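Peer 1: Return a 3D structure for these sequence lines:
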Amino acid sequence: MRDRPSPPSRSGTGRPAPFTVDVVVFSPRERGLGVLCPRAGRGAKERRGLPYGAPRDGETLERCARRLVREAAGVEPSWIEQVGAFADGKRHPSDSDLSIGFVAVMPSSSDHGGRGDWATLGELGALSPRQRAIADGALSALRTRMDHAPIAFRLLSPQFTLSELQQTYELLLGKRLHKASFRRALQAAFLVEPTDHWRSEGRGRPAQFYEFSPRKRRSARRGVRFDALA
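Peer 2: Coordinates of the predicted model:
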């Protein structure tokens, strides 16, 4: 039986904490892009919810978010960033008036006995209205920031093939990408370097391994933009 997620702290009057920290954690799963959802409630009342809580004394917002991920997944996220504040009057499981949303990612190999389950994007309908808004905002922020942050590389092994990297981008973006355009964009962005290692893939040509190795340039950094298939 899984533990219930820790509720946010309350004041001495019993009122809800003035705000919560809510984290949307994405990870590649067998059924697609997964979202970490500790169970809230038990039995027939069991429902999905995002990891949330209130900062402890002296704890920054990001440290609180990282702690919530560790408690739910058992490990640190490989990338995390604040999305924004949500105070739209929509219901939250804690009844708080304000939530600070974070988005995080971790590789599929990062499960280490946490208390969280993994849901697909299509299974998030049971979230409370505000947590659903946070999840939507986190996915939008993730896809926007992929142009300027090495998010996809945080989901791969240190060495990977270009096909594996493209599949990771497609999973995060939710769309297919043109192979030639993808590789041209990588070359223009100077993000990867080939290694001396190869992997045999049947009768076809062996696949070369690459590693994340962004070059430093004097000009402003160019975002990575890929053309999707029609």
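
Peer 1: Quick check: residue 178 vs residue 79, distance?
Peer 2: Going from residue 178 to residue 79 by C-beta to C-beta, to the nearest Å gives 26 Å. (C-beta placed from N, C-alpha, C; glycine too.)

Peer 1: hmm, I was thinking of residue 95
Peer 2: Here residue 95 is placed at a distance of 30 Å from residue 79 (C-beta to C-beta).

Peer 1: What of residue 133?
Peer 2: Applying C-beta to C-beta to residue 133 and residue 79 gives a distance of 22 Å.

Peer 1: sorry, back to before: neighbour-wise, which of residue 95 and residue 79 wins?
Peer 2: With other C-beta atoms under 10 Å as the criterion, residue 95 and residue 79 differ in neighbour count, and residue 79 comes out ahead with 18 against 12.

Peer 1: tell me the mean pLDDT for the longest helix along the chain?
Peer 2: Counting by DSSP state H, the longest helix found in the chain is helix 129-145. Average pLDDT, helix 129-145: 95.

Peer 1: C-terminal to that helix, what's the next element?
Peer 2: The first helix or strand that comes after helix 129-145 along the chain, using DSSP states H and E, is strand 159-161.

Peer 1: Could you check how far that next one is from the centre of its chain?
Peer 2: 20 Å (C-alpha atoms, centre = their mean, to the nearest Å).

Peer 1: angle of the following helix or strand past it against helix 129-145?
Peer 2: Once the chain leaves strand 159-161, the next helix or strand it forms, by DSSP H and E, is helix 162-173. If you take axes from the mean of the first three to the mean of the last three C-alpha atoms, to 10 degrees, helix 162-173 sits at 140 degrees to helix 129-145.

Peer 1: name the helices or strands packed onto helix 162-173?
Peer 2: strand 20-29, strand 32-40, helix 129-145, helix 179-189, strand 207-212 (3 or more C-beta pairs under 8 Å, 6 or more residues apart in numbering; DSSP states H and E).

Peer 1: Can you get me a residue count around residue 200?
Peer 2: 9.

Peer 1: how about the closest residue to it other than its chain neighbours, phi and psi?
Peer 2: Once flanking residues are discounted, residue 200 sits nearest to residue 206: 5.1 Å by C-beta to C-beta, 6 or more residues apart in numbering. The phi and psi values for residue 206, taken as degrees, to the nearest 10, are phi -60, psi 150.

Peer 1: residue contacts, residue 206?
Peer 2: Contacts here follow C-beta atoms under 8 Å, 6 or more residues apart in numbering; on that basis residue 206 touches 198, 199, 200.

Peer 1: For residue 180, see how far away it is.
Peer 2: 20 Å.
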